[in-house]
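Novice: this is the structure alone, sequence omitted:
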């Protein structure tokens with residue numbers, strides 16, 4: 001049974017789609033099932049999500065390599081309609097991938113962004129590259145597991161919680177905790193009460209309440225007679241945290257101290273002595289906290305703010321200091337390395353995506369440099385009694401820039417702040433700005449983290465194309481800390497002379513306008529910069545050749561194999577998924593969901609669903625957003641249910657038309673043999689075993705709907721747990 005389609009044809013009898021183009025004859029198995037990953041999180045969905053993919057964007061097919069996405073197309077074969085993702089490979093060869101097989105596809109991310117080499121269908125290049133990467137990945141998985149299992153093997157301290165005193169401390173928090181904050185805090189409490197050292201990453205956008213969680217953890221540690229170290233990347237952030245912690249703990253007699261370059265030698269000596277004697281409960285500081293001269297009396301908790309700002313040497317020092325203490329890391333934009341360790345289950349992760357009540361989205365504008373625009377933006381903020389950050393990262397000329405602004409906006413009181421200033425001078429400038437003696441601060445990126453001035457609600461960033469995504473995100477986070485509307489102006493000198501990477505950064509940043517975009521931003525940053533730094537630059541070759549998403553799937557699979565002492569490869573897992581061939585039209589019509597990306601998003605949700613309840617939720621979402629389901633979409637959902645039960649049973653393949661149904665079982669399955677034999681005996685004239693693992697039913701079904709319902713009920717009845 002063969003039908004032609006454009007420059008190829010589909011052989012339904014052999015279940016193979018042939019694509020003939022430029023004298024190429026290639027194939028793709030149409031019916032495959034879902035690669036189920038029960039550990040999928042919102043983060044992994046963000047990274048691997050196909051719903052925001054653009055036409056001509058590079059993607060990776062697990063079996064065929066890197067190609068170019070060309071959109072979706074509905075194809076009718078022998079009266080059966082289905083929708084396919086079109087991929088284009090070298091020599092313009094096209095591959096039509098059914099939407100039921102989207103688990104084969106992932107977005108390509110690597111350093112070959114501007115010169116991607118697309119694979120030639122049918123060649124062995126892709127297989128060879130994939131095999132080399134898999135071998136290397138297993139070595140990396142072993143290294144990662146050794147690193148983190150060593151820490152997990154250490155005996156930590158099981159903190160006890162005095163509910164009464166802890167609740168009193170919590171009651172002083174002037175705001176209501178968001179739902180995500182509560183979830184994150186509960187995870188921290190569980191970790192701290194465990195005798196294994198905590199290593200939890202809390203990712204939440206700027207101003208989303210990560211510091212409050214850290215302070216509650218600190219309170220528990222101090223209540224257990226343990227000391228707390230708060231490690232921050234900048235002097236200003238150390239000062240900010242010092243003020244915040246002092247204010248939050250004002251009702252308690254705990255001693256909080258600070259160590260930074262703002263401190264003189266005598267102050268540093270006294271601070272270190274107090275730490276050694278156990279007089280200081282919370283010690284806040286920059287990398288100076290890591291010096292060997294500091295001898296801790298009873299350190300129990302390390303809080304790290306913005307870990308990615310510390311260098312390799314500092315991180316090694318942290319590891320040597322903190323093998324058996326609890327570590328809590330806070331970040332708004334986790335770097336890929338941190339992101340990946342959390343994704344692979346090596347590190348615990350909590351994500352805060354819920355914004356505080358009444359917070360307004362920061363209005364962001366990307367414009368070419370214009371003095372009139374700058375004056376208008378500053379004047380507008382000053383007229384409402386606010387303050388302005390003007391980010392100018394050329395320290396040599398920053399004084400000159402301040403003078404230019406003074407002439408442009410004579411109404412403004414302008415201060416200057418940058419990292420090369422004397423400590424006391426910088427501290428004075430920041431305090432003067434905080435107390436409104438200046439209403440415009442011309443500054444370097446030293447304000448990137450730590451500054452929390454609610455009255456400053458406009459930021460102007462000159463030469464924004466010179467900054468990374470994470471930097472832009474942090475800088476923008478300096479405004480909008482109150483309930484006033486905040487504005488961010490990103491200025492470039494000439495749009496036409498921007499580099500490709502700079503254009504991508506600014507484009508990505510302009511799209512991230514919602515609260516909670518920090519995690520998404522990290523993935524964009526990853527895509528733009530490449531991913532060589534995840535585990536070191538020597539790994540970038542493998543990343544680039546197979547793409548980040550596939551690399552992480554393989555790494556996740558390798559780690560699970562090593563943990564479980566199994567050798568099941570990702571390829572075998574994919575091939576072991578049940579094939580469901582019912583010859584029924586099953587897709588989401590364009591008339592039902594016109595937007596191709598939203599349609600693709602729902603296809604991916606259905607494909608990834610591993611539970612019947614998840615499918616019900618998807619169905620309810622479709623109905624709520626787009627109305628009653630078309631018959632062909634109901635079929636799509638129903639077939640997905642059959643696939644889920646087939647996977648649970650250990651069924652390799654189901655092929656059925658209106659006259660028969662053939663089921664092929666795996667050697668290892670979950671079938672209740674007693675129930676199955678009873679079913680066969682009751683209808684012995686219609687059942688036939690073709691071999692030990694292949695069963696044929698000869699039966700006339702009056703409709704496709706009845707046939708699907710019968711198959712589903714049969715699968716439910718023969719499951720060992722009788723689901």
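Specialist: Structure's in. What do you need? Not measured: the values here are computed from a predicted model.

Novice: now for residue 689: which residues touch it?
Specialist: With contact set as Cβ atoms under 8 Å, 6 or more residues apart in numbering, residue 689 has these partners: 695, 696. To be clear about C-beta, it is placed using only N, CA and C from the backbone, and glycine gets the same treatment.

Novice: shouldn't it be within a strand?
Specialist: Yes - the assignment for residue 689 by DSSP: H, G, I helix; E, B strand; the rest coil puts it in a strand.

Novice: against residue 652, how distant is it?
Specialist: According to Cβ to Cβ, to the nearest Å, residue 689 and residue 652 sit 15 Å apart.

Novice: what's the answer for residue 486, then?
Specialist: From residue 486 across to residue 652, the span is 57 Å (Cβ to Cβ).

Novice: where does pLDDT dip in the stretch 601-723 of the chain?
Specialist: Residue ranges of the stretch 601-723 of the chain with pLDDT under 70: 683-684, 720-723.

Novice: just the helices from it, written as ranges.
Specialist: Along the stretch 601-723 of the chain, the segments classed as helices by DSSP state H, counting those that start in this stretch run 612-626, 631-649, 673-682, 704-717.

Novice: and what of the stretch 251-400 of the chain?
Specialist: Using DSSP H, counting those that start in this stretch, the helices found in the stretch 251-400 of the chain span residues 265-277, 312-321, 336-343, 371-383, 398-408.

Novice: weakest of the ones you listed in terms of mean pLDDT?
Specialist: The weakest mean pLDDT among the helices of the stretch 251-400 of the chain belongs to helix 312-321, with a mean of 58.

Novice: tell me the contacts of residue 701?
Specialist: Residue 701 is in contact with 658, 659, 707, 710, counting by Cβ under 8 Å, 6+ apart.

Novice: who wins for most neighbours among those residues?
Specialist: Among these, residue 707 has the most neighbours (other Cβ atoms under 10 Å), with 21 neighbours.

Novice: and that residue, how far from residue 701?
Specialist: Taken as Cβ to Cβ, the span from residue 707 to residue 701 is 4 Å.

Novice: try residue 244
Specialist: 68 Å.

Novice: just residue 231 next, same as before
Specialist: To residue 701, residue 231 is 67 Å away according to Cβ to Cβ.

Novice: one more: residue 302?
Specialist: Relative to residue 701, residue 302 is positioned 65 Å away (Cβ to Cβ).

Novice: same check on residue 95?
Specialist: Taking Cβ to Cβ, one finds residue 95 at 33 Å from residue 701.

Novice: so what are the domain limits for the protein?
Specialist: As given by automatic domain parsing, the domain ranges for the chain are 2-129, 163-335+348-352, 363-514, 580-717.

Novice: show me where pLDDT drops low in the stretch 351-500 of the chain?
Specialist: In the stretch 351-500 of the chain, residues with pLDDT under 70: 357-359, 449-451.

Novice: just to revisit the earlier point, so what sits against both of residue 707 and residue 701?
Specialist: Common neighbours of residue 707 and residue 701 (criterion: Cβ under 8 Å, 6+ apart): residue 658.

Novice: tell me which residues in the longest strand seen in the chain are buried?
Specialist: Looking across the chain with DSSP state E, the single longest strand is strand 65-77. Using 16 or more other Cβ atoms under 10 Å as the test for burial, strand 65-77 gives 65, 66, 67, 68, 69, 70, 72, 75, 77.

Novice: pretty sure the fourth one contacts residue 88?
Specialist: Yes - distance between residue 68 and residue 88: 4.5 Å, which falls inside the contact criterion (Cβ atoms under 8 Å).

Novice: anything in contact with each of these two?
Specialist: residue 118.

Novice: tilt between the helix or strand hosting residue 130 and strand 65-77?
Specialist: Using DSSP states H and E, residue 130 maps to helix 125-152. Angle, helix 125-152 to strand 65-77, by axes from the mean of the first three to the mean of the last three Cα atoms, to 10 degrees: 110 degrees.

Novice: which strands and helices lie in contact with the helix or strand following helix 125-152?
Specialist: For helix 125-152, the succeeding helix or strand toward the C-terminus, using DSSP H and E, is helix 163-171. Under the contact criterion of 3 or more Cβ pairs under 8 Å, 6 or more residues apart in numbering; DSSP states H and E, helix 163-171 touches helix 210-223.

Novice: return the list of helices and strands in contact with the helix or strand just after the helix it packs on.
Specialist: Tracing the chain C-terminally past helix 210-223 and defining elements by DSSP H and E, one meets strand 227-231 next. The contact analysis (3+ Cβ pairs under 8 Å, 6+ apart) places strand 227-231 against helix 210-223, strand 282-285, strand 299-305.

Novice: and for residue 190, the neighbour number?
Specialist: 12.

Novice: quick one: contacts for residue 463?
Specialist: Contact analysis of residue 463 by Cβ under 8 Å, 6+ apart lists 393, 491, 492, 493.

Novice: and the first one, how far from residue 494?
Specialist: As defined by Cβ to Cβ, residue 393 lies at a distance of 18 Å from residue 494.
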